[in-house]
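Student: Below are the sequence and a predicted model for it; my questions follow.
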Amino acid sequence: MPATLLSFWQWSASDLLDNTMRGKIAEYIVGLALSAAEGVRDPWAPFDLTTTSGLRVEVKSASRWQSWHQKEPSRLFFGVQPTHGWSRETGEFAAEQRRQADVYVFAVLDSDSKAELDPMDLDQWSFLILAARTLDERVAGQKQVGLDRLRELGALECEFAGLAAAVAEVGNGRGQAA
């Protein structure tokens, strides 16, 4: 074959501002912070990451800037709808619809301009962390939540360096507004 794995990756995964690629980068960055980025990513898992303490983590990402032409920056919303988890072992979806993770990490990529936006620059990312039970209690079946609403719900905010501690704090039941 005249191509290599590297050339395939360059062809298929080089638009780092693409929404699906940005989501994978966010998962990877959070995985690095949580020491949970080993092995190969499982795109069919019911949640994104598992911490060493066993917390199930769902990562959602958003950015004001997209890879396509924009007349103005995008508003920031995150999908939080309950889902039917799929099992790799059985090949079936769970009967019950629910939020699959214990903790949600909302990753925000932001810069003053699209030209300066760099998903590989950790200083351009900020994170809001919220327990799934808070979403269940306060926004129930809601499909999306915005940045302001996350703050109203008591999400812990941090930068990359504080991410592991914030996830542990939220996962252990502290750091949430009731």
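Tutor: Arrived safely.

Student: Does the residue nearest the centre of the chain fall in a helix, a strand, or a coil region?
Tutor: Centroid-nearest residue in the chain, with Cα atoms, centre = their mean: residue 59, separated by 2.0 Å. At residue 59 the chain is in strand, as set by DSSP: H, G, I helix; E, B strand; the rest coil.

Student: wait, doesn't it sit right on residue 22?
Tutor: No. Look at residue 59 against residue 22 with Cβ atoms under 8 Å: they stay out of range, at 10.9 Å. Every residue, glycine included, has its C-beta placed from N, CA and C.

Student: Could you confirm residue 97 falls within a helix?
Tutor: No. With three-state DSSP as the criterion, residue 97 is assigned strand and is not in a helix.

Student: For the nearest residue to it once chain neighbours are set aside, which residues are in contact?
Tutor: Spatial nearest neighbour of residue 97, chain neighbours left out: residue 82 (4.6 Å); criterion: Cβ to Cβ, 6 or more residues apart in numbering. Applying Cβ atoms under 8 Å, 6 or more residues apart in numbering, we find residue 82 in contact with 97, 98, 99, 141.

Student: number of nearby residues for the third one?
Tutor: Taking other Cβ atoms under 10 Å as the neighbour definition, residue 99 ends up with a count of 20.

Student: Also the first one?
Tutor: Under the neighbour criterion other Cβ under 10 Å, residue 97 is assigned a count of 13.

Student: Please report how far it lies from residue 123.
Tutor: According to Cβ to Cβ, to the nearest Å, residue 97 stands 38 Å off from residue 123.

Student: And the helix or strand hosting residue 166, what's buried?
Tutor: Taking DSSP states H and E as the definition, residue 166 sits inside helix 163-171. By neighbour count on 16 or more other Cβ atoms under 10 Å, the buried set for helix 163-171 is 163, 164, 166, 167, 168, 169, 170, 171.

Student: Same question for stretch 59-66.
Tutor: Residues 59, 60, 61, 62, 63, 64, 65 are the ones in stretch 59-66 that count as buried (16+ other Cβ under 10 Å).

Student: With pLDDT and distance to residue 119 added, can I get those residues in a markdown table?
Tutor: What follows is those, written out as a markdown table (pLDDT from 0 to 100; distance: Cβ to Cβ, whole Å):
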| residue | pLDDT | distance to residue 119 |
| --- | --- | --- |
| 59 | 98 | 13 |
| 60 | 98 | 15 |
| 61 | 97 | 9 |
| 62 | 97 | 12 |
| 63 | 96 | 8 |
| 64 | 94 | 13 |
| 65 | 93 | 10 |
